[in-house]
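Trainee: what's the 3D shape of this:
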Amino acid sequence: MKMFQSGWFCAVVGTVLYLGTMVAVWKTPVVAPPPVAAGKERAAEPKPSWEFYSAEVDQLVEDLRAQKTALAARERELKDWEARLAAEQAELKSVLAGIEQQRAEFDALVVRVREEEVANLRRLAKIYSAMAPENAVAVLKEMKDDEVVKILAFMKDAQTAPILETLAQQGPAEARRAAQITERIRVSVSAAFGEKKS
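Mentor: Residues are numbered from 1 along each chain as shown. All right, here's what the predicted structure looks like:
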């Protein structure tokens, strides 16, 4: 027991174990193969792990390329559609602006009669139709065209004609005014105008 407890014994046992471990794990260095003579091929050297060939990977790459080409074509097509839509939108805005202008011009030309005006206009139409055309023209000349059109629109043709004829006989300016009034009567709008003339 004393022998196992001595320092010398432990040192010897440790040295033996160290040397045994070294021998067990020792690898001899690989010696490079001698150069190959001309005409002889060297055995295939191992390639790095990232250099490999796989048919599946190549197929995936081809599929991705095809998808990329299809996406590029689709993107070009969408850009063409976008440009075409922008052009059509601009054209549509232009057409709508033209329609708005025509509607404004039409509204300026058309005389509209509201329902609350109808009773008063019928009464005035009866009054002016009972007057002599010369007297009716003298009064109507002092009124605005819109008011004249509203009143004459509620008269019968036989009553309106002498008034317009008398107005036209008072000179070129009044003849022009009579023509404008006639045109505006033609395009006047009122729910009651359906029953205005018989």
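
Trainee: show me where pLDDT drops low in this structure?
Mentor: Along the chain, segments meeting pLDDT under 70 span 1-4, 27-53, 107-113, 189-198.

Trainee: any idea how it splits into domains?
Mentor: What automatic domain parsing lists as the domains of the chain is 56-109, 115-195.

Trainee: which residues in the chain form helices?
Mentor: 2-5, 7-25, 55-109, 115-130, 133-140, 145-153, 157-168, 172-186 (DSSP state H).

Trainee: looking at those helices, which is buried most?
Mentor: Among these, helix 145-153 has the highest mean neighbour count (mean count of other CB atoms under 10 Å), at a mean of 21. The C-beta positions use only the backbone N, C-alpha and C, and glycine is treated the same way.

Trainee: Check the offset of that one from the chain's centre.
Mentor: 45 Å (CA atoms, centre = their mean, to the nearest Å).

Trainee: Repeat that for stretch 129-140.
Mentor: For stretch 129-140 - counting by CA atoms, centre = their mean - the centre lies 59 Å from the chain centre.

Trainee: if we can go back for a sec, how about the domains of the chain, which one is nearest Ala11?
Mentor: Nearest of the domains of the chain to Ala11, taken as CB to CB: domain 56-109 at 60.1 Å.
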